[in-house]
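Visitor: What would the 3D arrangement of this be:
(one chain, ligands or ions: 2)
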Amino acid sequence: MAILITGGAGYIGSHTVRHFQQQGESVVVYDHLGQGHKDAVSTDVPFYAGDLHDQAMLRSVFGAHDITAVIHFAAHSLVGESVTGPLRYYENNLAGTMKLLEVMLEFDVKQIVFSSTAAVYGEPQRIPIKEDSPTNPTNPYGETKLAMERLLHWSEQAYGIHYVALRYFNAAGADPDGEIGEDHTPESHLIPIVLQTALGQRSHVAIFGDDYDTQDGTCVRDYIHVMDLAHAHYLALKKLETTAKSAVYNLGNGTGFSVKEVIDMCKQVTERTIQVEQTARRAGDPAVLIASSAKATEELGWIPQYPDLKTIVQHAWQWHVHHPTGYQKGKDTL
Ligand SMILES: NC(=O)c1ccc[n+]([C@@H]2O[C@H](COP(=O)([O-])OP(=O)(O)OC[C@H]3O[C@@H](n4cnc5c(N)ncnc54)[C@H](O)[C@@H]3O)[C@@H](O)[C@H]2O)c1
Ligand SMILES: O=c1ccn([C@@H]2O[C@H](COP(=O)(O)OP(=O)(O)O[C@H]3O[C@H](CO)[C@@H](O)[C@H](O)[C@H]3O)[C@@H](O)[C@H]2O)c(=O)[nH]1
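Guide: Numbers count the residues shown, from 1 in each chain. Ligands and ions are numbered 1, 2, ... in the order given. Predicted structure coming up:
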């Protein structure tokens with residue numbers, strides 16, 4: 001028996017694979033390595049370099065392992081990129097999930113935990129955001145994730161697939177052991193970009209917009225430690241296994257930090273100079289996203305272990321200092 005982890009070589013996926021192994025679970029990773037890194041996955045985990053759209057390969061994996069449940073991370077996940085390439089996003093995220101669900105049904109696998117996002121809410125009407133808040137995505141990425149949630153809702157009605165949709169806010173940090181961390185090419189996430197600037201790999205950090213309706217004019221986000229996200233997947237799967245009840249949960253710390261505050265925290269942790277440049281807003285960015293995760297705490301017993309931003313940045317910095325080129329030795333593009 002094993003749990004299939006799609007996108008398990010990616011940033012959040014690889015931390016979750018590691019956490020599941022530490023909990024004594026058998027896992028199998030399926031990832032086409034468009035973004036992920038094979039070296040992010042321990043060599044004792046069965047690894048398949050396959051695409052969600054390749055149903056023949058998916059079938060062979062389901063056939064070779066007694067898959068009991070799926071944790072589904074594999075997706076494109078960048079807000080800005082989705083605004084200029086919506087077709088690519090629908091194709092990978094929505095159509096890719098349809099292919100996966102078809103194979104799950106063929107093999108009678110009816111439990112899935114999947115990566116949704118704060119981006120399903122769009123501009124929130126109230127802060128902190130609860131799960132029953134209106135969902136009006138401001139970008140195609142969020143739309144695809146909302147469509148995936150709806151697809152799962154209807155798949156439960158029609159086929160009895162039970163699901164937990166985890167709406168993460170901004171994943172950040174790295175495994176405190178320092179062995180795995182965040183490495184996207186190109187990197188677009190704020191904290192790694194700021195830390196790469198601290199390392200001298202970039203000349204400056206561009207701040208996307210300073211005219212938002214926030215305390216200092218820059219966007220506010222709720223940064224959540226990647227290991228806390230990993231543990232939430234474990235709790236969600238246990239809950240699914242025992243209750244067979246579908247649910248949606250926000251995962252965040254309930255505290256918002258502006259882009260400028262994040263940069264200041266990075267300066268404090270790294271004790272380095274970090275140049276910034278004010279630029280235009282990035283399309284698709286809501287001003288403020290802060291979670292209420294009370295439902296996950298009440299129903300899953302989820303309590304973040306690393307809630308403060310300083311610890312999150314310290315763990316990320318430890319990864320970047322010891323792996324300045326990420327997983328790739330000699331990597332020269334960021
Ligand atoms: N990083 C965040 O802050 C954040 C926040 C909310 C939600 N999410 C969601 O969490 C998930 C993981 O995010 P991440 O930051 O780890 O991203 P990531 O890009 O590091 O990981 C995604 C992985 O999926 C793989 N993948 C993508 N499409 C695939 C396909 N068609 N077939 C096989 N593999 C495929 C990639 O190679 C990559 O390894 C995504 O679904 C993302 O939308 C991320
Ligand atoms: O060079 C940069 C990079 C980012 N930002 C800003 O920093 C904030 C955070 O940006 P980023 O780290 O790119 O994350 P988000 O765009 O908020 O998206 C992340 O968090 C979402 C949930 O909130 C997830 O759905 C996405 O998958 C994930 O990439 C945003 O206001 C950006 O405009 C900058 O100002 N400069």
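Visitor: Every contact and neighbour count from this point should use C-alpha atoms.
Guide: Noted.
Visitor: burial measure for the nearest residue to residue 251 once chain neighbours are set aside, as a count.
Guide: Excluding the flanking residues, the one nearest residue 251 by CA to CA, 6 or more residues apart in numbering is residue 168, at 4.7 Å. Burial measure for residue 168: 22 neighbouring residues, criterion other CA atoms under 10 Å.
Visitor: in the chain, what residue sits furthest out from the centroid?
Guide: Going by CA atoms, centre = their mean, the residue of the chain most distant from its centre is residue 273, 28.8 Å out.
Visitor: Contacts only, for that one.
Guide: 198, 267 (CA atoms under 8 Å, 6 or more residues apart in numbering).
Visitor: State the distance from it to residue 199.
Guide: In this view, residue 273 and residue 199 are 9 Å apart by CA to CA, to the nearest Å.
Visitor: Next: residue 71.
Guide: With CA to CA as the criterion, residue 71 and residue 199 are 34 Å apart.
Visitor: Who has more neighbours out of those two?
Guide: residue 71 (26 against 18).
Visitor: list the contacts for that one?
Guide: By CA under 8 Å, 6+ apart, the neighbours of residue 71 are 3-6, 112-114, 233.
Visitor: Looking at those residues, which one is closest to residue 160?
Guide: residue 112 (11.3 Å; CA to CA).
Visitor: Quick check: the closest one is in a strand.
Guide: Yes: counting by DSSP: H, G, I helix; E, B strand; the rest coil, residue 112 is part of a strand.
Visitor: Okay, now the unreliable bits of this structure?
Guide: For the chain, the stretches with pLDDT under 70 are 329-334.
Visitor: Go again with 90.
Guide: 80, 283-284, 328-334 (pLDDT under 90).
Visitor: Over to residue 187. Which of the three states is it?
Guide: coil.
Visitor: I'd like to know how many residues surround it.
Guide: 14.
Visitor: So it sits against residue 193, correct?
Guide: Yes: between residue 187 and residue 193 there is a contact under CA atoms under 8 Å: 6.8 Å.
Visitor: which one of the contacts of residue 71 is nearest ligand 2?
Guide: Using CA to the nearest ligand atom, residue 114 comes nearest to ligand 2 of the contacts of residue 71, at 12.6 Å.
Visitor: Nearest spatial neighbour of residue 155, chain-adjacent residues omitted?
Guide: residue 161 (5.9 Å).
Visitor: Can you pull the phi/psi pair for the one you found?
Guide: In terms of degrees, to the nearest 10, the main-chain angles of residue 161 are phi -80, psi 130.
Visitor: Let me see the contact set for it.
Guide: So residue 161 contacts 109-112, 152, 155 (CA under 8 Å, 6+ apart).
Visitor: what two of the residues you listed are the furthest from one another?
Guide: Across these (CA to CA), the longest gap, 13.4 Å, separates 109 and 152.
Visitor: between these two, which one's more packed in?
Guide: More crowded of residue 109 and residue 152, by other CA under 10 Å: residue 152, with 25 against 20.
Visitor: The more buried one and ligand 2, how far apart?
Guide: For residue 152, the distance to ligand 2 (CA to the nearest ligand atom, to the nearest Å) stands at 18 Å.
Visitor: Same check on residue 231?
Guide: 18 Å.
Visitor: how about the CA coordinates for the longest helix anywhere in the chain, as PDB?
Guide: Criterion DSSP state H: the longest helix present in the chain is helix 140-159. The C-alpha coordinates for helix 140-159 follow below in PDB (Å, rounded to 0.1, in the frame of the first residue of the first chain):
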ATOM      1  CA  PRO A 140      -6.600  32.500 -14.200                       C
ATOM      2  CA  TYR A 141      -4.400  30.500 -11.800                       C
ATOM      3  CA  GLY A 142      -7.000  31.000  -9.000                       C
ATOM      4  CA  GLU A 143      -9.800  30.200 -11.500                       C
ATOM      5  CA  THR A 144      -8.200  26.900 -12.400                       C
ATOM      6  CA  LYS A 145      -7.800  25.900  -8.700                       C
ATOM      7  CA  LEU A 146     -11.400  26.900  -8.000                       C
ATOM      8  CA  ALA A 147     -12.500  24.800 -11.000                       C
ATOM      9  CA  MET A 148     -10.500  21.900  -9.600                       C
ATOM     10  CA  GLU A 149     -12.400  22.200  -6.300                       C
ATOM     11  CA  ARG A 150     -15.700  22.200  -8.200                       C
ATOM     12  CA  LEU A 151     -14.600  19.200 -10.300                       C
ATOM     13  CA  LEU A 152     -13.900  17.300  -7.100                       C
ATOM     14  CA  HIS A 153     -17.200  18.400  -5.600                       C
ATOM     15  CA  TRP A 154     -19.100  17.000  -8.500                       C
ATOM     16  CA  SER A 155     -16.800  13.900  -8.700                       C
ATOM     17  CA  GLU A 156     -17.800  13.200  -5.100                       C
ATOM     18  CA  GLN A 157     -21.500  13.300  -6.000                       C
ATOM     19  CA  ALA A 158     -21.100  11.200  -9.100                       C
ATOM     20  CA  TYR A 159     -18.300   8.700  -8.300                       C
END
